[in-house]
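Participant: Sequence and predicted model, in that order:
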Amino acid sequence: MPTPATSDPASAFAPLQGLRVLSLALNLPGPAALLRCRRMGAACLKLEPPGGDPMAHYNPAAYAALHEGVDVETADLKTEDGRQRLAQALAGTDVLLTSFRPSALAKLGLGWEALQALHPHLSQVAIVGAPGERAEEPGHDLTYLAESGLVTGTALPPTLYADMGGALLAAEAVLQAALQARSGNTAGIYLEVALNAAADWLALPRTWGLTTSGGAVGGAHAGYRIYPCADGRVAVAALEPHFARRLCEAAGLPASDMAAKGTHEALEAWIGLRTRKELDAMARERDVPLLTLAD
């Protein structure tokens, strides 16, 4: 499974070196956040129920990638032995990562007030579906994206944007907790990360009108679209004037109005007659940002 490329300086920089993170979070957002923390140098421990993380069953490859470098142990928190293992782990933890509803945390004795009383230096990053009073509502990535206006028609989104965006916000929250501790404040802090808020953040360009049908990166600009070509497709990103001018010069078109319907149609006709190889060569020669795709 491919992993994001990391430059040498970034991989050597470990802002969470020395931080101990304990996760009880299952499925995708929590483990993805834990992976980010591990890559930033944190020592990561995860306690899983006897049945394991559902991700390990429905996608073992994803589970393996998410838990690289993470110590995973089994602990049944409904038993005395499991609760003792959790208490032992919490005593050596700086940040606790959870993804339960607040009522479930309370039943386990992991409400914030209870945690503070027993572990005053501990911080908690709580991943929830929606913030505040809505944290008890059931939901998943799809419902959060729909709420944020990121679901169009009946096609499923191509990836789990809210889950992965929430994972980034959770890793950012762990960084906040680490900075709080390093500032000299010895009291732990509670930070809530809502997946619907992550979807709202990702939806901001659409909210601003950038990616709606009339927006510059929503299809209105002829130089920022996906066109069919002779043997596939091409994602054209010639948005800036100098890129748009070079593209139009290659097509023998004026670049005066990239929002005009005629420009769209003329570019579509010209690109439609070119192969991927021809378009790739044009892009290299004229320095035009595009990527050809097979059907």
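Facilitator: Received the coordinates, thanks. Note that the structure is a prediction, hence the values are computed from the model and not measured. Numbers count the residues shown, from 1 in each chain.

Participant: Any buried residues in the secondary structure element (helix or strand) that residue 284 belongs to, and which?
Facilitator: In this structure, residue 284 is located in helix 276-286 according to DSSP states H and E. For helix 276-286, the neighbour count (16 or more other Cβ atoms under 10 Å) marks 276, 279, 282, 283 as buried. For glycine as for every other residue, the C-beta is placed from the backbone atoms N, C-alpha and C.

Participant: now swap in stretch 270-277 and tell me
Facilitator: For stretch 270-277, the neighbour count (16+ other Cβ under 10 Å) marks 270, 271, 274, 276 as buried.

Participant: other SSEs contacting the helix holding residue 284?
Facilitator: Counting contacts by 3 or more Cβ pairs under 8 Å, 6 or more residues apart in numbering; DSSP states H and E, helix 276-286 is packed against strand 232-237, helix 241-251, strand 290-293.

Participant: Try it again at 7 Å.
Facilitator: helix 241-251, strand 290-293 (3 or more Cβ pairs under 7 Å, 6 or more residues apart in numbering; DSSP states H and E).

Participant: Let's verify residue 225: helix, strand, or coil?
Facilitator: strand (DSSP: H, G, I helix; E, B strand; the rest coil).

Participant: Looks like it contacts residue 219 (just checking).
Facilitator: Yes: using Cβ atoms under 7 Å, residue 225 is in contact with residue 219, at 5.9 Å.

Participant: got the contact list for residue 35?
Facilitator: 66, 68 (Cβ atoms under 7 Å, 6 or more residues apart in numbering).

Participant: re earlier: tilt between the helix holding residue 284 and helix 241-251?
Facilitator: In terms of direction (axes from the mean of the first three to the mean of the last three Cα atoms, to 10 degrees), helix 276-286 departs from helix 241-251 by 130 degrees.

Participant: Off-centre distance for helix 276-286?
Facilitator: Helix 276-286 has its C-alpha centroid displaced from the chain centroid by 32 Å (Cα atoms, centre = their mean, to the nearest Å).

Participant: Going forward, the N-terminal residue is numbered 41.
Facilitator: With the count now opening at 41, the last piece we talked about shows up as helix 316-326.

Participant: Give me the contacts around it.
Facilitator: 269, 271, 272, 274, 286, 290, 311, 328, 330, 332.

Participant: go on, stretch 151-168?
Facilitator: With contact meaning Cβ under 7 Å, 6+ apart, stretch 151-168 is reached by 65, 69-70, 130, 133-139, 145, 175, 206, 210, 213-214, 217, 226-235.

Participant: So which of these sit within helices?
Facilitator: 69, 70, 130, 145, 206, 210, 213, 214, 217, 235 (DSSP state H).

Participant: Just the buried residues of those residues.
Facilitator: 69, 70, 130, 145, 206, 210, 213, 214, 217, 235.

Participant: Farthest pair within those residues?
Facilitator: Greatest spacing in these, by Cβ to Cβ: 130 and 235 (24.6 Å).

Participant: Relative to residue 271, how far out is the nearest residue to residue 83 once chain neighbours are set aside?
Facilitator: Excluding the flanking residues, the one nearest residue 83 by Cβ to Cβ, 6 or more residues apart in numbering is residue 60, at 5.0 Å. Counting by Cβ to Cβ, to the nearest Å, the gap from residue 60 to residue 271 is 53 Å.

Participant: for residue 308, same thing?
Facilitator: Distance, residue 308 to residue 271, by Cβ to Cβ: 16 Å.

Participant: Residue 296 too?
Facilitator: 31 Å.

Participant: More neighbours: those two, which one.
Facilitator: More neighbours surround residue 271 than the other of residue 296 and residue 271, with 14 against 10 (other Cβ atoms under 10 Å).

Participant: isn't that one right next to residue 313, touching?
Facilitator: No: the pair residue 271 / residue 313 is not scored as a contact, 11.0 Å apart, by Cβ under 7 Å.

Participant: picking up where we left off before, of the contacts of helix 316-326, grab the buried ones for PyMOL.
Facilitator: Selecting the buried subset of those in PyMOL, with 16+ other Cβ under 10 Å as the burial test, is done by:
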select buried, resi 269+274+286+290+311+328+330+332
